[in-house]
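**Student:** Pasting a predicted model and its sequence here:
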Amino acid sequence: MIEIPPLQFAQVNGIRMGFYEAGPKTDKPPMVLCHGWPELAFSWRHQIKALSEAGIRVIAPDQRGYGSSDRPEQVEDYDMEHLTGDLVGLLDHLKIDKAIFVGHDWGGFVVWQMPLRHLDRVAGVVGVNTPHWDRAPMDPIELFRQRFGDQMYIVQFQNPAREPDRIFGSRVEQTFDAFMRKPLPRPPEKPGEPPVAGVGASAKTNLAFPQMIAAYDAKFDPRTPILSAEEKKVFVDTFTKTGFTGGINWYRNFTRNWRRAEGLDHHVKVPSLMIMAENDAVLPPSAADGMEKLVPDLEKYLVKDSGHWTQQEKPDEVSAKLIEWRRKRFG
């Protein structure tokens, strides 16, 4: 039985956004939970329940391009100004002054940008797997291409033919079968492979995700699924309806975001928490090395034996840490 509050809607920043809300409206500052790709607000179902039961007001949107929220046509409508503007619009709709923004995967990139662009609306930031980096020294897509080659999924996403969108969209169940699993144990990282802004993977990691999905057969996969059949059905049914283009359009703004961030002070001036996952192959704990230079008020916490989908793989531990840190820092 999946427990989740009823879906609500708000007109924000030129789009209609779907979101879940739970916990006492009197609680300040609330926590806004931002999902990654290819996910949904539903990815936070465990935290919505645990945090609200602990007396914390919690809000989890389907972000622009995903699930119940609008999916604008223009690629530029998914740049960082729009993504952070949507969250400000959601606070305005709910008459909330400031919030703690919690982001996993792509949601992490967005929440680390919130205090850089909208400091007066941010009480604190939590990155789940996704660290905060300074602006890259060159166009990130060129960096990805140099380091990982043309098959790297983010490089492939730049192709105007949108072949990855078609591959995932024609194999939705395969996509979630392949992605939503616990990783096999991996050898320890070798020092000397610095993370690239936007992905911390080592050059050994196979990042040709569209080809991986096209060739995938769950019968031969030894990894343990992290979703029940009922939970997987939510993702499969939703992405069958929406397709993947909205979410992939976020990646198509890497270069635009990089250009437009020139001159932006990347120091984070609010209390922050970095939750790292021991076995995340794309965003390993080492990707958060040195964050303290940009985020002076930072606590780090390592979730052992978790892969990339941390809040779904280790829900109780992630929820407990969020509650503990929130109480310690905000009463």
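**Tutor:** Cool, got the structure.
**Student:** low pLDDT regions in the stretch 101-250 of the chain?
**Tutor:** 186-205 (pLDDT under 70).
**Student:** now the strands for it?
**Tutor:** Taking DSSP state E, counting those that start in this stretch as the test, the strands found in the stretch 101-250 of the chain are 122-128.
**Student:** Please enumerate the helices of it.
**Tutor:** 106-117, 140-148, 153-156, 163-169, 172-179, 209-214, 229-242, 245-251 (DSSP state H, counting those that start in this stretch).
**Student:** Please identify which of those helices is closest to residue 260.
**Tutor:** Ranking these by proximity to residue 260 (C-beta to C-beta) places helix 106-117 first, at 10.5 Å. For glycine as for every other residue, the C-beta is placed from the backbone atoms N, C-alpha and C.
**Student:** ok, now which ones touch residue 23?
**Tutor:** Residue 23 is in contact with 30, 51, 52, 55, 56, 57, 58, counting by C-beta atoms under 8 Å, 6 or more residues apart in numbering.
**Student:** now residue 214
**Tutor:** Counted by C-beta under 8 Å, 6+ apart, residue 214 has contacts 167, 171.
**Student:** hang on, the earlier thing: out of the contacts of residue 23, which is nearest to residue 269?
**Tutor:** residue 30 (19.9 Å).
**Student:** Do I have it right that the closest one meets residue 101?
**Tutor:** No - if you go by C-beta atoms under 8 Å, residue 30 and residue 101 don't touch, sitting 10.0 Å apart.
**Student:** would you say residue 69 is within a helix?
**Tutor:** No - looking at residue 69 with DSSP: H, G, I helix; E, B strand; the rest coil, it is coil, so not inside a helix.
**Student:** Pull out the buried residues from the contacts of residue 23.
**Tutor:** 30, 51, 52, 56, 57, 58 (16 or more other C-beta atoms under 10 Å).
**Student:** Tally up the residues packed near residue 60, please.
**Tutor:** When neighbours are defined as other C-beta atoms under 10 Å, residue 60 has 28 of them.
**Student:** What would the strand or helix carrying it look like as CSV? C-alpha coordinates only.
**Tutor:** For residue 60, the host element (DSSP states H and E) is strand 58-61. Extracted C-alpha coordinates of strand 58-61, given in CSV (Å, rounded to 0.1, in the frame of the first residue of the first chain):
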residue,chain,number,x,y,z
VAL,A,58,7.0,19.1,3.6
ILE,A,59,6.3,20.0,0.0
ALA,A,60,7.4,17.9,-3.0
PRO,A,61,6.7,19.2,-6.5
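**Student:** For that strand, what does the pLDDT average out to?
**Tutor:** Here strand 58-61 scores 98 as its mean pLDDT.
**Student:** quick one: average confidence on whatever helix or strand comes next after it?
**Tutor:** Downstream of strand 58-61, the next assigned helix or strand under DSSP H and E is helix 80-93. When pLDDT is averaged over helix 80-93, the result is 98.
**Student:** Just the CA atoms of helix 80-93, as PDB, please.
**Tutor:** Provided in PDB are the C-alpha atoms of helix 80-93 (Å, rounded to 0.1, in the frame of the first residue of the first chain):
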ATOM      1  CA  MET A  80      18.300  27.400 -14.400                       C
ATOM      2  CA  GLU A  81      16.400  30.700 -14.300                       C
ATOM      3  CA  HIS A  82      13.200  28.900 -15.000                       C
ATOM      4  CA  LEU A  83      13.900  25.900 -12.700                       C
ATOM      5  CA  THR A  84      14.700  28.100  -9.700                       C
ATOM      6  CA  GLY A  85      12.000  30.500 -10.600                       C
ATOM      7  CA  ASP A  86       9.400  27.700 -10.400                       C
ATOM      8  CA  LEU A  87      10.400  27.000  -6.800                       C
ATOM      9  CA  VAL A  88      10.100  30.700  -5.900                       C
ATOM     10  CA  GLY A  89       6.700  30.700  -7.600                       C
ATOM     11  CA  LEU A  90       5.700  27.700  -5.500                       C
ATOM     12  CA  LEU A  91       6.700  29.500  -2.300                       C
ATOM     13  CA  ASP A  92       4.700  32.500  -3.400                       C
ATOM     14  CA  HIS A  93       1.600  30.400  -4.100                       C
END
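**Student:** List the buried residues of that helix.
**Tutor:** So for helix 80-93, counting by 16+ other C-beta under 10 Å, buried means 80-91, 93.
**Student:** Show me what it is packed against.
**Tutor:** strand 8-12, strand 15-22, strand 31-34, strand 58-61, helix 106-117, helix 254-260 (3 or more C-beta pairs under 8 Å, 6 or more residues apart in numbering; DSSP states H and E).
**Student:** Kindly state which of the ones you listed is positioned closest to residue 306.
**Tutor:** helix 106-117 (14.9 Å).
**Student:** so who does the nearest residue to residue 130 once chain neighbours are set aside touch?
**Tutor:** Of all residues not flanking residue 130 in the chain, residue 108 sits nearest, at 2.4 Å (C-beta to C-beta, 6 or more residues apart in numbering). By C-beta under 8 Å, 6+ apart, the contact set of residue 108 is 34, 36, 127, 128, 129, 130, 131.
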